[in-house]
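>>> Any chance you could fold what I've pasted below:
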Amino acid sequence: MKIEDKIYGNFEVGPVLEELILSAPVQRLKNVHQGGAIFLVNPALNQTRYAHSIGVLYLVKHFGGGIEEQIAALLHDVSHTAFSHVADYVFENIKEDYHETIFDEVINRSEIPAILKKYRFDSTTLFKQAYTILEQPLPGLCADRVDYTLRDLYQAGFIGLTEIRNFISELTIQDGCMVVRSEAAGDWIKNQFRRLNEAYFKKPEHVYANLKLAALIKDALTEGLLQKNDLLRDDFQVLRKLNTNVVMNQLLTDIGNLVHFKQFANKGATERFKQRSLHPLIMV
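Residues are numbered from 1 along each chain as shown. Just a heads-up that it's a prediction; the model follows:
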């Protein structure tokens, strides 16, 4: 199966990855936005969890990760709810890892274990391994962190494909971990990660959209307009359900039009974000 990614170009995957990509849980991610509700206030920022998952798969494959790590890369975000991290605000999950707490449940209720078994992979052990190319704690580099940093910045118009490809050529694997070949490359990604956090994640309009939608969803759950399991659908399915209610429909319109944004912006909502930084290891 040939995969086309707008950042990394074309690459091919084998039968097990093809079948997983075509499965319902992975296809659902095509309608789950990477930035949560950001697309409501800026429709151009419409990158999806599907594109990100394909990108992480590419990076793991490109840097020599085995087939099990490639599978884990493709599926690492499959349990994200509609609107991604908005669910963390809905359920007041400070660690922002709600999707990780339901990962096993989502996997086991899907066709994924049967697909893996068909190709002689054990879903009960595959996801319990430590995949060092895929994931690393901050402040290190990993495929997941590199892809969302580059992809979000590219979609927002902060960097171009030439810069991305130049940086990818500066990455390598040493002792099983992702490192940069030069101090200059380390400084570049460190600065870009800071830029992503300050100018994208913490942009007041973006914070406004995510927190306002979280409050709206919380009210819809309380009033019975939404059920918790509805959040395991995709963004547009949830929006359609919310739009059946006149009040909710108006509130969604208000979010998109940044109604009450000035009052919101003055309340220091971005202060809830922790300072996050990258300090990439440099190849010895």
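>>> now the closest residue in space to Y119 that isn't next to it in sequence: how far from N257?
Spatial nearest neighbour of Y119, chain neighbours left out: V16 (4.1 Å); criterion: CB to CB, 6 or more residues apart in numbering. Heads up, the C-betas are built off the backbone N, CA and C, glycines and all. Here V16 is placed at a distance of 45 Å from N257 (CB to CB, to the nearest Å).
>>> Which residue of the two possesses the greater neighbour count?
V16 (18 against 11; other CB atoms under 10 Å).
>>> wait, isn't that one in contact with I71?
Yes. In this structure, V16 is within contact of I71 by CB atoms under 8 Å, at 6.9 Å.
>>> what touches both of those two?
Taking CB atoms under 8 Å, 6 or more residues apart in numbering as the contact rule, V16 and I71 both touch L116, F121.
>>> Which residue ranges make up each domain of this protein?
Following the TED database, one gets these domains for the chain: 2-200, 204-266.
>>> Mean pLDDT for those domains - can I get that in a markdown table?
Shown next, in a markdown table, are the domains of the chain (pLDDT from 0 to 100):
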| stretch | mean pLDDT |
| --- | --- |
| domain 2-200 | 97 |
| domain 204-266 | 95 |
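>>> Using a markdown table, lay out the ones you listed together with distance to R276.
As requested, these are exported to a markdown table (distance: least, CB to CB, whole Å):
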| stretch | distance to R276 |
| --- | --- |
| domain 2-200 | 6 |
| domain 204-266 | 15 |
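>>> From E68, how far out is the residue nearest to Y119?
10 Å.
>>> okay, and the common contacts of the two?
F121.
>>> Tell me where the stretch 51-200 of the chain has strands.
171-174, 177-180 (DSSP state E, counting those that start in this stretch).
>>> closest one to I102 among these?
strand 177-180 (27.4 Å; CB to CB).
>>> Go through that closest one and flag the buried ones.
M178, V179, V180 (16 or more other CB atoms under 10 Å).
>>> Would you check that the last one makes contact with I282?
Yes. In this structure, V180 sits in contact with I282. The criterion is CB under 8 Å, and the distance is 5.7 Å.
>>> Need the overlap of contacts for these two.
In contact with both V180 and I282: G186, using CB under 8 Å, 6+ apart.
>>> re earlier: is it possible to export the buried residues of strand 177-180 to a markdown table including distance to S23?
Shown next, in a markdown table, are these (distance: CB to CB, whole Å):
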| residue | distance to S23 |
| --- | --- |
| M178 | 28 |
| V179 | 33 |
| V180 | 35 |
